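Chemist: Structure of the sequence below:
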Amino acid sequence: MKKTRPFAVSIVVLLFFVLILQAKTYVDEFEAKILPGHGPDARMARKFIIAVEKYTTPEDVVGLIEVFKNQGYKKFRKAFHKMKKGFIRPMGGLGTKVTINAAQDIPTASGREIILVGESQSWDQDSIGRVDRRFPYLVVKLHLDDKGKGTGEIYVQANIRLYSQGAIRMTGYNLPPKQLVGVTTLN
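Modeler: Residues are numbered from 1 along each chain as shown. Predicted coordinates:
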């Protein structure tokens, strides 16, 4: 009986450390509701969790620009795909988890603006079947006050531009944005 007790304690300690190592820590985590569109789910606002594991640095942006200049668009897209900065996940298990490949936190006079960029995806009923290859990115803009509350927009099909100063900006979009309300910082 006494020999199994140290074994059980070591198993519990090992499990504790495994759980700690698996736990993700996020620089920022947000909750938001997307305003309903048309169709059968027109009455329901869907909630999302947006988690940023780390923000894109100016050096990351300059590196992407260099890849584009020296190796072309295909290599640029491959390098962009490798960047994993976080995710957007619908709450409740219904929907697709979207990878955030670039994330920037921009201070504003009243708080901050968060710009998130991922691959354009047809996870939205209104955009299915209307994919335009000229707008290959999904862009999320969050407008937060100094208390971490605000609004935002999701551009399902957008285009971006990278600047040598390290900034990423949306330059256009194909479909009107989906409005986000109740944006709240969770951490």
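
Chemist: Nearest residue to M91 in space, ignoring adjacent ones along the chain?
Modeler: Sequence neighbours aside, K47 is the residue nearest to M91 in space, at 4.2 Å (criterion: C-beta to C-beta, 6 or more residues apart in numbering). For the C-beta atoms, the positions are set from N, CA and C on the backbone; glycine is no exception.

Chemist: what do you get for I106?
Modeler: Nearest non-adjacent residue to I106, counting by C-beta to C-beta, 6+ apart: E113, 4.6 Å away.

Chemist: residues of the strand or helix carrying the one you found that come out buried?
Modeler: In the assignment (DSSP states H and E), E113 maps to strand 111-119. By neighbour count on 16 or more other C-beta atoms under 10 Å, the buried set for strand 111-119 is 111-118.

Chemist: ok, so of these, who is nearest I34?
Modeler: I34 has its nearest neighbour among those in L116, at 13.9 Å by C-beta to C-beta.

Chemist: In which helix or strand does the closest residue to the closest one other than its chain neighbours reside?
Modeler: Leaving aside its sequence neighbours, L116 sits nearest to V140 (C-beta to C-beta, 6+ apart; 4.1 Å). Assessed by DSSP H and E, V140 sits inside strand 137-145.

Chemist: Dump that strand to CSV, restricted to CA.
Modeler: Extracted in CSV, the C-alpha atoms of strand 137-145 (Å, rounded to 0.1, in the frame of the first residue of the first chain):
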residue,chain,number,x,y,z
TYR,A,137,-7.6,38.0,-46.9
LEU,A,138,-10.0,38.1,-44.0
VAL,A,139,-9.5,41.3,-42.0
VAL,A,140,-10.9,42.0,-38.6
LYS,A,141,-10.8,45.5,-37.1
LEU,A,142,-11.5,46.0,-33.4
HIS,A,143,-12.0,49.5,-32.0
LEU,A,144,-11.6,49.5,-28.2
ASP,A,145,-11.8,52.3,-25.7
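
Chemist: is the residue nearest to L116 in a bridge, and if so with what?
Modeler: Beta-bridge partners for V140, by DSSP bridges, are L116, I154.

Chemist: so what's it up against?
Modeler: Contacts for V140 (C-beta atoms under 8 Å, 6 or more residues apart in numbering) come out as 50, 88, 114-118, 152-155, 180.

Chemist: Which secondary structure state does the residue nearest to M91 sit in?
Modeler: Of the three states, K47 takes strand according to DSSP: H, G, I helix; E, B strand; the rest coil.
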